[in-house]
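Q: The amino acid sequence is not available; the structure is as follows:
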């Protein structure tokens, strides 16, 4: 286990450098030019906006999955069902970033024609940060919504002790005018898998209430014992219920896995995984004039952000404001990466015969 | 304040009796036959399924609002915008039950034609339990989703102390086969307004963590001090974020109120309220064969419900199972109502010149 000092040695990597590195790595794994750029861009976006557990942090795992065939580098997304406002696509076991980017663009197209578009996917894979796909409709003046049945189960249903539920996330993006768009991206567990894994990586004790012992429900704070526990849902039975709902809509509704059918893509497969996700685009213009709506969202963001704070509180949290600030700071100063992570991906680069991240300007 | 014994004296009222009483009351307030039956049916359904804070419990408040014109008894719902898969309706300040029943049926119609239907409403009012409208698409083999910008603000944004957010609920209903449909209906506060008000009615101390003092964030447990506090969101910043998202989609997207614009319908208005809600219907048949989907949902419900329990846990909580059980028990044995509540609505009946609930067979 790393010492706190080792884990906290930070290097700033320019966004363009990180994008090129990630794209090179994907190309070296067999993705075509366009798909490699899509994945590289989505992973960079996660790192820029602060979804650190969904950026370059995931590279080693993705490369392993691509190498052993758990993810298909040469996937060809196929539309299985197509209606005026809905579609079902088959991701051909490609990287989720490619499948969900396709899905979000298709949802925008449907919403342009019909007002709303709902696109489900089966045979997809982990897609990183949901906010990235929820945000695609924003560029078209639309609301975006994303949900996923996670590719691994860490939560138990409320009252239970078996990990039969994923931390099934939901992300929603709402257009604004001058303010940052409202973007919420949350796991239905109290703490996301990424947050928990970062405590594991750094060897720090976790806060109580994040993970409970499968045997008796007692709190687990030692990150070495994560696998003896289940993650607790946000808001007790409510988060468990949300996880079930999102999981059923992202999984079985699309002919994809849920519950006992989920197989962890990180462990050697005894069969094929089948990750399901959905993305919705909703055209604001079908309801109110877009400029009016954006001005109203701005006004409400300002009302909330400037409202009276609790004593001791630094800020009012409006979803999307923090990520916009991080994005702008990191674009300017580079993405902060732990030295241990840079060393890890340099090893990956060596195995792929591409220039290591640390040697790039 | 009532003693615990007074509050807990319970009377069982047959469902048919309660339905007739509620419908009579609405008719006496000036609703036409069809609308009175819709409201009576929706309020009864809340009482049958255990959303006790949304049933006959609300009658006195609704009658006051109808009498003083805060709600329009002779509302005529109007479609303002209509696309292939979306619509915006004007509720004419009618009772939310009437407006949302209309919205849900319209969403089903749109989803039948286009695969999904998203209907937003402005100038609506409190509609009771969201599950009722989310469940309307179920009868058509569809998924239903409901969200609302509450007509009163009880929550502060995360980090803040001003009540600028409602407990903005979300409800989702997913069709099943032989098992009870999966129905989740949750406020984005840790405890719903209904739960908090029932502690107030019974004069019992509330659990810590439900309400915090606006001055310093310290816990409030004395229900007489509710108005000095704000309700805490579920899952901390996550529930606050969900409330903002649902509020913006139900409010400003429909030209309805949110944030500082919200006026409590229970207090004398200094202007007109403008409650916004939305309902979505999604046709399962556009994704997978409905019979396959229902069988899969059944299988997953059984997997979850029969999975290993935590020591000390009575049951695994699968959303919808409890409400189905309550519904069937209450249809058989009658709806349990506190004697104090029966006395209260008997007074309302007297003012409306209809037969009191306690005098009905």
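A: Sure, I can see it. On a predicted model such as this, the values are computed, not experimentally measured, just so you know. Residues are numbered from 1 along each chain as shown, chains lettered A, B, ... in the order given.
Q: residues touching residue A:293, list them.
A: Contacts for residue A:293 (Cβ atoms under 8 Å, 6 or more residues apart in numbering or on different chains) come out as A:175, A:284, A:287, B:252, B:253. Yep, even glycine has a C-beta here, placed from its N, CA and C like the rest.
Q: ok, 6 Å please
A: Counting by Cβ atoms under 6 Å, 6 or more residues apart in numbering or on different chains, residue A:293 touches residue A:284.
Q: measure it to residue A:358 for me?
A: Separation of residue A:293 from residue A:358 (Cβ to Cβ, to the nearest Å) stands at 46 Å.
Q: same check, this time on residue A:29
A: With the distance defined as Cβ to Cβ, residue A:29 ends up 20 Å from residue A:358.
Q: again with residue A:188
A: 37 Å.
Q: Settle it for me: which of the two has more neighbours?
A: Neighbours per residue (other Cβ atoms under 10 Å in any protein chain shown) separate residue A:188 from residue A:358, with residue A:188 holding more: 30 against 15.
Q: Any chance of the backbone angles for that one?
A: phi -80, psi 0 (degrees, to the nearest 10).
Q: ok, how many other residues are close to the nearest residue to residue A:192 once chain neighbours are set aside?
A: Take residue A:192 and drop its neighbours on the chain: the residue closest to it by Cβ to Cβ, 6 or more residues apart in numbering or on different chains is residue A:167, 6.2 Å away. Residues lying near residue A:167 (other Cβ under 10 Å) number 26.
Q: Low-confidence bits of chain A, can you list those?
A: A:1-8, A:264-271 (pLDDT under 70).
Q: Go through it and flag its longest helix.
A: helix A:96-114 (DSSP state H).
Q: Remind me which helix or strand residue A:117 belongs to.
A: Using DSSP states H and E, residue A:117 falls within strand A:116-124.
Q: Who are the packing partners of that strand?
A: On a contact count with 3 or more Cβ pairs under 6 Å, 6 or more residues apart in numbering or on different chains; DSSP states H and E, strand A:116-124 meets strand A:86-90, helix A:96-114, strand A:275-283, strand B:116-124.
Q: Tell me if the longest helix of chain A is near chain B.
A: Yes - for helix A:96-114, a contact with chain B is found by Cβ under 6 Å from any Cβ of the partner chain, at residue A:114.
Q: could you check the angle strand A:86-90 makes with that helix?
A: For helix A:96-114 against strand A:86-90, the angle by axes from the mean of the first three to the mean of the last three Cα atoms, to 10 degrees is 160 degrees.
Q: Need the residues that contact helix A:96-114.
A: Taking Cβ under 6 Å, 6+ apart as the rule, helix A:96-114 contacts A:35, A:38-39, A:42, A:77, A:84-85, A:87, A:91, A:117, A:119, A:121, A:124-128, A:133, A:136-137, A:140, A:142, A:277, A:279, A:281, A:283, B:84-85, B:114.
Q: now do 7 Å
A: When contacts are defined by Cβ atoms under 7 Å, 6 or more residues apart in numbering or on different chains, helix A:96-114 is touched by residues A:35, A:38-39, A:42, A:75, A:77, A:84-85, A:87, A:89, A:91, A:117-119, A:121, A:124-128, A:133, A:136-137, A:140, A:142, A:144, A:275, A:277, A:279-283, B:83-85, B:114.
Q: One more: stretch A:189-207?
A: Here stretch A:189-207 makes contact (Cβ under 7 Å, 6+ apart) with A:1-2, A:4, A:7, A:52-54, A:154-155, A:167, A:187, A:209-211, A:221-223, A:226, A:231-234, A:239, B:235.
Q: what distance separates the start and the end of it?
A: End-to-end distance of stretch A:189-207: 14 Å, with Cα to Cα, to the nearest Å as the criterion.
Q: Could you do stretch A:354-361 as well?
A: End-to-end distance of stretch A:354-361 (Cα to Cα): 14 Å.
Q: Show me what counts as buried in that stretch.
A: Across stretch A:354-361, burial judged by 16 or more other Cβ atoms under 10 Å in any protein chain shown covers A:354, A:356, A:357, A:360.
Q: Mind putting the residues you listed into TSV with distance to residue B:12 and secondary structure?
A: TSV is the format used below for the buried residues of stretch A:354-361 (distance: Cβ to Cβ, whole Å; DSSP: H, G, I helix; E, B strand; the rest coil):
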residue	distance to residue B:12	secondary structure
A:354	73	coil
A:356	74	coil
A:357	70	helix
A:360	75	coil
